[in-house]
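*Asks:* Below: sequence and its predicted model.
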Amino acid sequence: MTDTPFRPVLRTQADVEQMWRRLMRPLGFGSESLWVIVIEGEKPVPHILEIVELGEPPDADGIEAYAGVLEPLTGPDTRFAMLLSRPGGGRPDATDRAWARALYAAGRHAGARLEMIHLAHDHDIYPLALDDLLAEPA
């Protein structure tokens, strides 16, 4: 065994999903959280930010606050991977989708490039594609 840090190459959405699957195992969550990883070039920065006990999806002021977190970290070769986690199971629900829409909006507001947002719960991990979120009612 080696103590080499986990620094995957992230070129595709599948690479990002595999990273989340490795980092979030074993699945099982006691509350709602948002996990954020900064990616520089093709490598994640070796730190992960967890925002805990999320509650309701953010309103316009909350979206602006999340954008304020992203903006100073945004650069020409920087992008962000985000994962929402919650206890339970099932398909992504209305709250999951509302959170993802808000996070994509925060990314746009900050001028930040976001990878596809993912949802993890006690049983699986799902991608939450922006196109799918915009195609369904809010």
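*Replies:* Perfect, I can see it now. Predicted model only: the values in this text are computed from it and were never measured.

*Asks:* So Ile37 belongs to a strand, correct?
*Replies:* Yes: judged by DSSP: H, G, I helix; E, B strand; the rest coil, Ile37 forms part of a strand.

*Asks:* so what pLDDT did it get?
*Replies:* pLDDT for Ile37: 96.

*Asks:* Would you agree it is in contact with Ile48?
*Replies:* Yes: here Ile37 reaches Ile48: they are 5.5 Å apart, a contact under CB atoms under 8 Å. Where C-beta positions appear, they are placed from N, C-alpha and C, glycine not excepted.

*Asks:* When those two are compared, which one has more neighbours?
*Replies:* Ile37 (21 against 13; other CB atoms under 10 Å).

*Asks:* Report the contact partners of that one.
*Replies:* Residues in contact with Ile37, defined by CB atoms under 8 Å, 6 or more residues apart in numbering, are 19, 44-45, 47-49, 80-82.

*Asks:* With distance to Glu56, pLDDT and secondary structure as new columns, can the residues you listed be given to me in TSV?
*Replies:* Formatted as TSV, the contacts of Ile37 follow (distance: CB to CB, whole Å; pLDDT from 0 to 100; DSSP: H, G, I helix; E, B strand; the rest coil):
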residue	distance to Glu56	pLDDT	secondary structure
Met19	28	96	helix
Pro44	29	95	strand
Val45	29	92	coil
His47	27	90	coil
Ile48	24	93	coil
Leu49	20	94	strand
Phe80	22	98	strand
Ala81	23	97	strand
Met82	17	98	strand
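
*Asks:* Where does the prediction get shaky in the chain?
*Replies:* Within the chain, the segments meeting pLDDT under 70 span 1-5, 135-138.

*Asks:* any idea which helix is longest in it?
*Replies:* Counting by DSSP state H, the longest helix found in the chain is helix 94-110.

*Asks:* Restricting to C-alpha, output it in CSV.
*Replies:* Taking Å, rounded to 0.1, in the frame of the first residue of the first chain, the C-alpha atoms of helix 94-110 are listed here in CSV:
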residue,chain,number,x,y,z
ALA,A,94,-37.9,18.1,-6.4
THR,A,95,-35.6,19.5,-3.6
ASP,A,96,-32.5,17.8,-5.1
ARG,A,97,-33.4,19.3,-8.5
ALA,A,98,-34.0,22.8,-7.0
TRP,A,99,-30.6,22.7,-5.3
ALA,A,100,-28.9,21.6,-8.5
ARG,A,101,-30.6,24.4,-10.4
ALA,A,102,-29.6,27.0,-7.8
LEU,A,103,-25.9,25.7,-7.8
TYR,A,104,-25.8,26.0,-11.6
ALA,A,105,-27.2,29.5,-11.3
ALA,A,106,-24.5,30.4,-8.8
GLY,A,107,-21.8,29.1,-11.1
ARG,A,108,-23.2,31.2,-14.0
HIS,A,109,-23.4,34.3,-11.7
ALA,A,110,-19.8,33.8,-10.6
